[in-house]
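Engineer: Quick one: sequence plus predicted model below, questions after.
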Protein chains: 2
Amino acid sequence: MRASDLDATFAALADPTRRAILARLAHGEASVSELAAPFAMSLPAISKHLRVLQRAGLISRGRNAQQRPCRLEAAPLRAVAEFTEHYRRFWDESFDRLDDYLRELQADEKKPRRKH
Amino acid sequence: MRASDLDATFAALADPTRRAILARLAHGEASVSELAAPFAMSLPAISKHLRVLQRAGLISRGRNAQQRPCRLEAAPLRAVAEFTEHYRRFWDESFDRLDDYLRELQADEKKPRRKH
DNA sequence: CGCTTTGTGAACCGTCCGGTTAAGAAACTT
DNA sequence: AAGTTTCTTAACCGGACGGTTCACAAAGCG
């Protein structure tokens, strides 16, 4: 994992449109038009966003007739998660008590994540 | 947590100089000159980076004579970590079995994190 | 073949970004 | 008071970013 990879990943994630696209792709593959539908934005704009996501390794693309379906590739997000783990003790005072964190995690699990 | 906060956080993290500054601050407070020392870069450039980090809420600043010491504020990183958690199952196949995840977490805990 | 659908490419535009230099502010030192 | 240290502000520059429009490529369909 080179630092420049993290650069590209963070830069890609810094845009709300691109994060929304990733959230949509968490539901499954989607075509460019499907991804573009929720946004008041031209198709070429979405195409550019997709290219940014692809160069960051956050999506991969296939071919299906005219469609070019996009699929989520989460590996770079793992690197982001590992990055934040280095700082966890600075925001979680009871970090040494793992149980607290686990309970919190399980609470999160019970919340339905309808946004995705 | 508004989306625009995540925008600012990810944008701030997209620069390697700024990530290095955060890593340095994980060791403890530091003055601007101390933070600038490792970089082949003018002081105003560092000052700008610090302003970006501050506007993202990733650092806070004090006053000590001429120095303006910087302190790490990790709260926004928690939001980043929570963001990535939504995607963990896409890189971690055994995510639905929470136990696996917890074991992995505990293994991480046993590793000393001497870097910080 | 010609038309429609789906998506990309190219050129352009205004804004933001990351850096510079030069100047100035704020606090300590002598 | 004068000078030093520390840091910020202002102006500038080149390049990247996020969007647009227009043109076109590629595949399916009448």
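Structural biologist: On my side now, so go ahead. Predicted, not measured: the structure shown is a model, and the values here were computed from it. Numbering: from 1, shown residues only, chains lettered A, B, ... in the order given.
Engineer: Next up, identify which helix or strand the spatially most central residue of chain A is on.
Structural biologist: Chain A has A:Leu22 as the residue nearest its centroid, 4.7 Å off, counting by CA atoms, centre = their mean. For A:Leu22, the host element (DSSP states H and E) is helix A:16-25.
Engineer: Is there proximity between stretch A:16-36 and DNA strand C?
Structural biologist: Yes: Stretch A:16-36 reaches DNA strand C (CB under 7 Å from any atom of the strand) through A:Ser31, A:Val32, A:Ser33, A:Glu34. Yep, even glycine has a C-beta here, placed from its N, CA and C like the rest.
Engineer: Quick check: phi and psi on A:Asn64?
Structural biologist: Main-chain torsions, A:Asn64, degrees, to the nearest 10: phi -150, psi 100.
Engineer: how near is the residue found closest to it once you drop the neighbours it is linked to in the chain to B:Lys48?
Structural biologist: With sequence-adjacent residues excluded and distances taken as CB to CB, 6 or more residues apart in numbering or on different chains, A:Asn64 is closest to A:Ser31, at 7.9 Å. Distance, A:Ser31 to B:Lys48, by CB to CB, to the nearest Å: 41 Å.
Engineer: do A:Cys70 as well
Structural biologist: As for A:Cys70, its distance to B:Lys48 is 35 Å (criterion: CB to CB).
Engineer: Could you do A:Val52 as well?
Structural biologist: A:Val52 is 24 Å from B:Lys48, by CB to CB.
Engineer: ok, now A:Thr9?
Structural biologist: 22 Å.
Engineer: and what of A:Ala45?
Structural biologist: A:Ala45 sits at a distance of 29 Å from B:Lys48 (criterion: CB to CB).
Engineer: ok, now A:Gln66?
Structural biologist: Separation of A:Gln66 from B:Lys48 (CB to CB) stands at 46 Å.
Engineer: ok, now how distant is A:Arg63 from B:His49?
Structural biologist: In terms of CB to CB, A:Arg63 sits 42 Å off from B:His49.
Engineer: do the same with A:Trp91
Structural biologist: 21 Å.
Engineer: Could you pull out the buried residues of stretch A:9-22?
Structural biologist: A:9-15, A:17-22 (16 or more other CB atoms under 10 Å in any protein chain shown).
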